[in-house]
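*Asks:* fold the following and give me the result.
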Amino acid sequence: MLGTNPQPRSSAVPSPSWTAASTGLDVRLAARRGALDTHTSGFASAHVQGNLVILPEALGRDFLRYCQANPKPCPVLAVSEPGDPAIPSLGADLDIRTDVPRYRVWRHGELVSEPTDIRDLWRDDLMSFVIGCSFSFEHALLAHGIPLRHITRGHNVAMYRTRIETRPAGPFHGPMVVSMRPMSAADATRATEITSRLPQVHGAPVHVGDPALIGIADIGTPDYGDPVEILPGEVPVFWACGVTPQAAIATARPGFCITHAPGAMLVTDLLNSELAA
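*Replies:* This next block holds a predicted model:
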C-alpha cells in the first residue's frame, strides 16, 4: 500500500554544481542527464520547488477542483496545456518528462514503477499540475536562523498520513499528508509567523505538538521520507504537504497517473522571495 512503498534513494553523491547555491536550471539539468535521482531538500535553496501530478485531461478538471478545495496541502503554482511538457511560467528550459529526479507511475491507484525519465510514457492528453512545496519555505526559515535538522543531516523531510480528511472533488478524496520539523517552542512561533506569509507553499502549520491528535501513531516511523530525532525541549511542527494528492490518487484509482516521488521535486526558476503574500 501507499504508506509502505519504497522511498527514493540515490547512489549519486551530491555535487557542488547542484547543491544549495545552485539554480533551478542546474538541478533540472542534473536530473535530466541522470546525475540526480534522490530528494531535493536543501538544493537550489533560493528557488521555488514544486510537487507534481500528471493526469489525463479527462480527470484534470476534477483534480483542479480538488486542489482549489484544499489550498493548504494543494496550492497550485502552474497547470500545463494538454500534451505540452513545457511550463514556461516556471522555467524557460523545462521538460516535465525529464527534469524531476524521480517519478512515480500509478495504474488504477497502485504504484507500478519509479522511473527517472517518463518520455516513453508521455501522451498528448496529459496535463501537469505543479503544487507548492514546503522545501521552498525552508529557505525563509533558515534565513531567519531557524535550524532544520533534516537539511543539516542531508536527509529528506519526514512525512505522515493523518486522520485529517481533505474535501472531496469528483473521485478525489483522502487524508491530508503533513511534513514535520522539530524545533523549540520559540522557533515554532517564529516559523508560524514566517510561513503564514507564504500560502503558495502551504502557509502556516496545521498542527503543533502531540502527533496522536492528528492520527500519527508513531512519530519515529514516517510514511514517506526519513525519520528525524525530536530532542528534549523541542516540539514537532506539522505543515500540510504536497504529497497529499498521492493519497487521493490511491483512493480515486485513476487508470493512469504520474507523480513525483516524495521529496524528489521539480525545481523551478521562480524565486522564493517572490512568493511572500
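*Asks:* longest helix anywhere in the chain?
*Replies:* Longest helix in the chain, counting residues (DSSP state H): helix 57-69.
*Asks:* name every strand pairing with the next helix or strand after it and say which way it goes.
*Replies:* For helix 57-69, the following helix or strand on the C-terminal side (DSSP states H and E) is strand 76-79. Partner strands for strand 76-79, per DSSP bridges, with pairing direction: strand 126-132 (antiparallel).
*Asks:* circling back to that earlier point, what packs against the longest helix of the chain?
*Replies:* strand 76-79, strand 126-132, helix 244-252 (3 or more Cβ pairs under 8 Å, 6 or more residues apart in numbering; DSSP states H and E). Just so you know, the C-beta spots here come from the backbone N, C-alpha and C atoms, and that holds for glycine as well.
*Asks:* and that helix, how far from the chain's centre?
*Replies:* Offset of helix 57-69 from its chain centre (Cα atoms, centre = their mean, to the nearest Å): 18 Å.
*Asks:* quick one, that helix and helix 244-252 angle?
*Replies:* Our comparison of helix 57-69 with helix 244-252, counting by axes from the mean of the first three to the mean of the last three Cα atoms, to 10 degrees, yields an angle of 130 degrees.
*Asks:* tell me what the helix or strand hosting Val267 is packed against?
*Replies:* Using DSSP H and E, Val267 sits within strand 266-271. In this structure, strand 266-271 makes packing contacts with helix 24-32, strand 47-56, judged by 3+ Cβ pairs under 8 Å, 6+ apart.
*Asks:* neighbours of Gly145, how many?
*Replies:* If you count neighbours by other Cβ atoms under 10 Å, Gly145 ends up with 8.
*Asks:* let me fix that: Ser273
*Replies:* Counted by other Cβ under 10 Å, the residues lying close to Ser273 total 11.
*Asks:* swap in Asp62?
*Replies:* Asp62 has 16 neighbouring residues, counting by other Cβ under 10 Å.
*Asks:* that one and Arg107, how far apart?
*Replies:* Separation of Asp62 from Arg107 (Cβ to Cβ, to the nearest Å) stands at 18 Å.
*Asks:* residue boundaries of the helices in this protein?
*Replies:* Listed in chain order, the helices of the chain (DSSP H) span residues 24-32, 57-69, 134-143, 149-152, 185-195, 244-252.
*Asks:* wait, which of these is closest to Val228?
*Replies:* Closest to Val228 of the helices of the chain is helix 149-152 (Cβ to Cβ; 5.1 Å).
*Asks:* what helices or strands is that closest one leaning on?
*Replies:* Against helix 149-152 (3+ Cβ pairs under 8 Å, 6+ apart) you get strand 175-184.
*Asks:* let me know the angle separating the strand it packs on from helix 244-252.
*Replies:* Inter-element angle recorded for strand 175-184 and helix 244-252: 150 degrees (by the same axes, to 10 degrees).
*Asks:* using CSV, write down the CA coordinates of strand 175-184.
*Replies:* The C-alpha coordinates for strand 175-184 follow below in CSV (Å, rounded to 0.1, in the frame of the first residue of the first chain):
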residue,chain,number,x,y,z
PRO,A,175,-6.3,12.0,4.2
MET,A,176,-4.1,15.0,4.4
VAL,A,177,-0.4,14.3,4.4
VAL,A,178,1.9,16.5,6.6
SER,A,179,5.6,17.2,6.8
MET,A,180,7.2,17.5,10.2
ARG,A,181,10.1,19.6,11.5
PRO,A,182,11.1,19.5,15.2
MET,A,183,12.0,22.9,16.8
SER,A,184,11.9,24.8,20.1
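*Asks:* which parts of that strand are buried?
*Replies:* For strand 175-184, the neighbour count (16 or more other Cβ atoms under 10 Å) marks Pro175, Met176, Val177, Val178, Ser179, Met180, Arg181, Pro182, Met183 as buried.
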